[in-house]
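> this one's structure only:
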């Protein structure tokens with residue numbers, strides 16, 4: 001039995017070309033995927049604008065750590081850290097309600113979603129840009145209150 005090379009099958013699923021003699025049309029799929037592991041910075045807020053779907057919003061902190069210096073021996077002063085804050089929005093009805101009810105400040109969570117860039121006008125009519133992570137899945141790893149016990 002002969003098999004097609006896997007790459008050829010994958011490419012046929014993602015790209016479609018028209019004949020060389022006509023205008024070339026290429027349909028490609030792309031990927032917008034984000035995976036974050038961090039701690040919740042604030043309790044979620046449920047917002048609903050009239051005529052739009054409700055959304056649960058919270059912030060998530062992720063940390064990046066690295067060793068600074070050339071020393072091969074580990075010392076406390078050699079570790080640097082940077083914290084990045086992410087704005088998380090949950091629109092999916094079931095997940096939105098679970099996130100609003102169970103996500104708490106300090107909880108450690110893993111989430112999957114996509115990144116979204118948008119613009120809005122602030123109170124002073126100044127155009128602002130906002131980066132948001134639209135969550136598709138949330139996995140609860142711990143609860144801060146249980147860790148303190």
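Yes, it's here. Quantities reported herein were computed from a predicted structural model and do not represent experimental measurements.
> Can you tell me the strand partners of the longest strand along the chain and which way each runs?
Ranked by residue count under DSSP state E, the longest strand found in the chain is strand 127-142. Sheet pairing for strand 127-142, assigned by DSSP bridges, gives strand 79-90 (parallel), strand 108-121 (antiparallel).
> contacts for the shortest one?
Read it as strand 79-90. Residues outside strand 79-90 that contact it (CB atoms under 8 Å, 6 or more residues apart in numbering) are 36, 38, 41, 44, 55-68, 96, 99-100, 111, 113, 116, 130-135, 138. The way it works is simple: take the backbone N, C-alpha and C, and place the C-beta from them, glycine included.
> Over to stretch 45-53?
54, 55, 56, 57, 58, 91, 96, 100.
> got the end-to-end distance for it?
Across stretch 45-53, the terminal residues are separated by 14 Å (CA to CA, to the nearest Å).
> which SS class is the nearest residue to residue 105 once chain neighbours are set aside?
The spatially closest residue to residue 105, leaving aside those adjacent along the chain, is residue 43, at 5.1 Å (CB to CB, 6 or more residues apart in numbering). What DSSP: H, G, I helix; E, B strand; the rest coil gives for residue 43 is coil.
> Same question for the one 3 residues further on.
Reduced to three states with three-state DSSP, the structure at residue 46 is strand.
> Please name the bridge partners of it.
Applying DSSP bridges, one finds that residue 46 bridges with residue 56.
> What does the pLDDT read for it?
Residue 46 is assigned a predicted lDDT (pLDDT) of 95.
> surely the residue nearest to residue 105 meets residue 58?
Yes - the pair residue 43 / residue 58 is scored as a contact, 7.0 Å apart, by CB atoms under 8 Å.
> What is the subsequent helix or strand relative to the helix or strand of the chain with the lowest mean pLDDT?
In the chain, the helix or strand scored least confidently by mean pLDDT, DSSP states H and E is helix 6-14, which has a mean of 44. Using DSSP states H and E, the helix or strand that follows helix 6-14 towards the C-terminus is strand 34-40.
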